[in-house]
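Student: Just a sequence and a predicted model for now, questions to come.
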Amino acid sequence: MDVTLEIPGKLVDKAGILLDRIPYLSEMITAVSYDKEAHAVHLTVSDCDQHSAPLNELRASYQELCVSLEHTRVIKERVVKSNIGEESSMETAATTEADAAPQGYYDEFDIRLLEKLDEQFLRIAMSYGAALRDYPSVLNKNNMDRNQYHIHFPQNIYGVVSVPHNYQSINHFRANAQQESYDDSLCFHGDVLQPCICYHCYEELQGKKLTTETILTGKGRCFRHEIEWRKNNFRRNEFTMREIVYVGKEDWVVTMRNQIMEDVWRFFESLGMKGRIATATDPFFFSQDLKTKGAYQMMSNAKYELLVTTSSNKEVSIASFNYCADTLCSKYEITDTADALLQSGCVAFGMDRWKEAYIDVHGRSLSQWPDNQIEKELLV
């Protein structure tokens, strides 16, 4: 069934922000499209009566969302790098209807391409003296309570559940499992599958007094609860990320972020990809976070994203370059030897998205991989 929702006049210039959040209003929603001329959103929802309680609840949630976004500021992005023509008109993947479902496995070519990409990301990290790390895939409750990712991005969380080590609980679970109904036999203790790598780095440095600038890099499987119908080869529930985390004094941290950004842009162009680097915000779900933290990120140039333009003229974020000031060092009590809070930042590579972007340009062949050019560029 199709449902049309009008966009209030106050939100016409905030349609992108609204569209990013509408898919999370209800699991009834199976597709979203935007009619720019009519200032309306068209939803496809699972079968239900026009006057059913779930549909009325959806409409009420939409109205509540609209009200919450009324006073959110729209800050124009600033583009710092671009190799696409001004006449191009990109469409962000986040606001379109569903693409084809993602392939359920990676074959030998995918694996080889991911390895070659990571060689270059690792080369960049090592050129700045980064120490290698390999962390678990689970963030414990203590770490979550410090970083508060689950408070700002609850829509992304995958919790880790288990069967309690108790005879009655184990027996109860087994009996229910045989009936294919065991959900109520599982317990959640606050641990989550990691949505990113950097919080492990901060946990490692927690409470330390650092005598020098510190750079860590780690790679791992990350997990985010994506909406089923929005998943595709670029957007997955499970994906691989490499991050470079740098901790030190303000000037050094900002310089490190900007230098790595230049390195990554040169690599990006050497692969023949088209796109741009622009200011951005994290995908805060709640309007109060968007109005405070999101506005700060845009106004202070705290976050940049590398957006690749695909052959279908969509934009997809494949890397981010972040300056976190002392926010995370404060939460993890990371200081210098004089007890002054340090500052930090990170660069994150969505490796699966880089792989798909490369395939979009060159197909499933490594004959265009510019090894010599990459070596030359990274030695500049």
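Tutor: Yes, it's here.

Student: just checking, what packs against the helix or strand hosting Arg266?
Tutor: Taking DSSP states H and E as the definition, one finds Arg266 inside helix 250-270. With contacts taken as 3 or more C-beta pairs under 8 Å, 6 or more residues apart in numbering; DSSP states H and E, helix 250-270 sits against helix 108-127, strand 238-248, strand 275-279, strand 303-309, strand 314-325, strand 343-350, helix 371-378. Placement of C-beta: from N, CA and C, glycine included.

Student: what does it rub up against?
Tutor: Here helix 250-270 makes contact (C-beta atoms under 8 Å, 6 or more residues apart in numbering) with 81, 83, 120, 124, 127-128, 213, 215, 244, 246-248, 275, 277, 304, 306, 308, 319, 321-323, 325, 343-345, 347, 349, 370, 373-374, 377-378, 380.

Student: PyMOL command for the buried members of those?
Tutor: To isolate the buried members of those in PyMOL, using 16 or more other C-beta atoms under 10 Å:
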select buried, resi 81+120+124+215+244+246+247+248+275+277+304+306+308+319+321+322+323+325+343+344+345+347+349+374+377
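
Student: how about low-confidence regions in the stretch 251-380 of the chain?
Tutor: 282-300, 372-380 (pLDDT under 70).

Student: As TSV, the helices and strands packed on helix 250-270 with distance to Thr255 would be great.
Tutor: TSV is the format used below for the helices and strands packed on helix 250-270 (distance: least, C-beta to C-beta, whole Å):
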stretch	distance to Thr255
helix 108-127	14
strand 238-248	10
strand 275-279	16
strand 303-309	14
strand 314-325	10
strand 343-350	10
helix 371-378	18
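
Student: Out of the ones you listed, the one nearest Glu180 is which?
Tutor: When those are compared by C-beta to C-beta, strand 238-248 sits nearest Glu180, at 24.0 Å.

Student: Next, the angle helix 250-270 makes with that closest one.
Tutor: Comparing the axes of strand 238-248 and helix 250-270 via axes from the mean of the first three to the mean of the last three C-alpha atoms, to 10 degrees yields an angle of 140 degrees.

Student: would you put the C-alpha positions of strand 238-248 in PDB?
Tutor: The C-alpha coordinates for strand 238-248 follow below in PDB (Å, rounded to 0.1, in the frame of the first residue of the first chain):
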ATOM      1  CA  GLU A 238      28.300  -6.400   8.200                       C
ATOM      2  CA  PHE A 239      31.300  -4.700   6.600                       C
ATOM      3  CA  THR A 240      35.100  -4.200   7.000                       C
ATOM      4  CA  MET A 241      36.600  -1.000   8.300                       C
ATOM      5  CA  ARG A 242      40.100   0.300   8.700                       C
ATOM      6  CA  GLU A 243      40.600   3.200  11.000                       C
ATOM      7  CA  ILE A 244      43.600   5.400  11.800                       C
ATOM      8  CA  VAL A 245      43.300   7.100  15.300                       C
ATOM      9  CA  TYR A 246      45.600   9.900  16.300                       C
ATOM     10  CA  VAL A 247      45.900  11.500  19.800                       C
ATOM     11  CA  GLY A 248      48.000  14.500  20.700                       C
END
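
Student: ok so, going back, the helices and strands packed on helix 250-270: which one's closest to Asp360?
Tutor: Among the helices and strands packed on helix 250-270, strand 303-309 sits nearest to Asp360 (C-beta to C-beta), with 8.0 Å.

Student: Pull up the pairing partners for the closest one, direction included.
Tutor: Using DSSP bridges, the strands paired with strand 303-309 are strand 275-279 (antiparallel), strand 314-325 (antiparallel).

Student: Can you say which of those is nearest to Phe223?
Tutor: strand 314-325 (17.5 Å).

Student: next SSE after that closest one?
Tutor: Counting by DSSP H and E, what follows strand 314-325 is helix 327-331.

Student: Torsion angles phi and psi at the spatially closest residue to Glu70 that is not a sequence neighbour?
Tutor: Distance criterion C-beta to C-beta, 6 or more residues apart in numbering; nearest residue to Glu70, sequence neighbours excluded, is Lys10 at 5.2 Å. Backbone torsions of Lys10, given as degrees, to the nearest 10, read phi -70, psi -20.

Student: So Lys10 sits against Thr72, correct?
Tutor: No - using C-beta atoms under 8 Å, Lys10 makes no contact with Thr72, being 10.0 Å away.

Student: Distance-wise, check Met126 relative to Tyr62.
Tutor: In this view, Met126 and Tyr62 are 49 Å apart by C-beta to C-beta, to the nearest Å.

Student: So if I had to pick from those two, which one is more boxed in?
Tutor: Ranked by neighbour count (other C-beta atoms under 10 Å), Met126 and Tyr62 place Tyr62 first, with 21 against 14.

Student: In contact with Tyr135, which residues?
Tutor: Residues near Tyr135 by C-beta under 8 Å, 6+ apart: 194, 197, 200-201, 218, 220.

Student: filter the residues you listed to the buried ones?
Tutor: 194, 197, 200-201, 218, 220.

Student: Just put those residues in a markdown table and tack on distance to Lys231.
Tutor: Shown next, in a markdown table, are the buried ones among the contacts of Tyr135 (distance: C-beta to C-beta, whole Å):
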| residue | distance to Lys231 |
| --- | --- |
| Gln194 | 19 |
| Ile197 | 21 |
| His200 | 26 |
| Cys201 | 28 |
| Gly218 | 25 |
| Gly220 | 20 |
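
Student: and those residues, which of them are in strands?
Tutor: Among these, DSSP state E puts 218, 220 in strands.

Student: Closest one of the buried ones among the contacts of Tyr135 to Leu114?
Tutor: Nearest to Leu114 among the buried ones among the contacts of Tyr135 is Gly220, at 13.0 Å by C-beta to C-beta.

Student: Cheers, nothing more for now.
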